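**Q** return atomic coordinates for the entry below.
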Amino acid sequence: QEPLVESGGGLVQPGGSLRLSCGSSAFTLNKYPIGWFRQAPGKEREGVACISHSGLSTYYADSVKGRFTISRDNAKNTVNLQMDILQPEDTAVYYCNLRDGVTKHDYWGLGTQVTVSS
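**A** Numbering: from 1, shown residues only. Predicted structure coming up:
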């Protein structure tokens, strides 16, 4: 079983919204900073947003700032990515990431496909 599981992807028209969720049965996510990354065909994986373990600090890539919001739901042990005003250039496979601060090992899910097209 994958340590992280992403869900919520799909096909949406430009200007639409999706909400991605990252969950885990292996980790208590609020003990770790969590990042969302994406990889479009033919491009390198890039960081989109991240959130501190407390949820008090967040970071966004310039390309998504003002449109995407990362948040925690500790009751559900998830980290969510609300994506609004989606554009075709947001089309990619979206992955969540957890880095163990002690071992420096990166954990990834299998990703969820987001396609923005009319």
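**Q** please count neighbours and contacts with C-alpha atoms only from this point.
**A** Noted.
**Q** ok, Arg67 to Met83 distance?
**A** To Met83, Arg67 is 6 Å away according to CA to CA, to the nearest Å.
**Q** so between these two, which is more surrounded?
**A** Met83 (19 against 14; other CA atoms under 10 Å).
**Q** distance between the ends of stretch 70-79?
**A** End-to-end distance (CA to CA), stretch 70-79: 7 Å.
**Q** hmm, I was thinking of stretch 57-68
**A** Start-to-end, stretch 57-68 (CA to CA) is 15 Å.
**Q** what about that stretch, distance to the chain center?
**A** For stretch 57-68, the separation from the chain centroid amounts to 11 Å (computed by CA atoms, centre = their mean, to the nearest Å).
**Q** and that stretch, which residues are buried?
**A** The neighbour-count check on stretch 57-68 (16 or more other CA atoms under 10 Å) flags 58, 60, 64, 68 as buried.
**Q** now stretch 33-45
**A** 33-40.
**Q** of the residues you listed, which belong to strands?
**A** 34-39 (DSSP state E).
**Q** before we move on, the earlier item: which two in the buried residues of stretch 57-68 are spaced the farthest apart?
**A** Thr58 and Val64 (12.7 Å; CA to CA).
**Q** those strands in the protein, which residues are they?
**A** 5-7, 10-12, 18-23, 34-39, 46-51, 58-60, 68-73, 78-83, 92-99, 106-108, 112-116.
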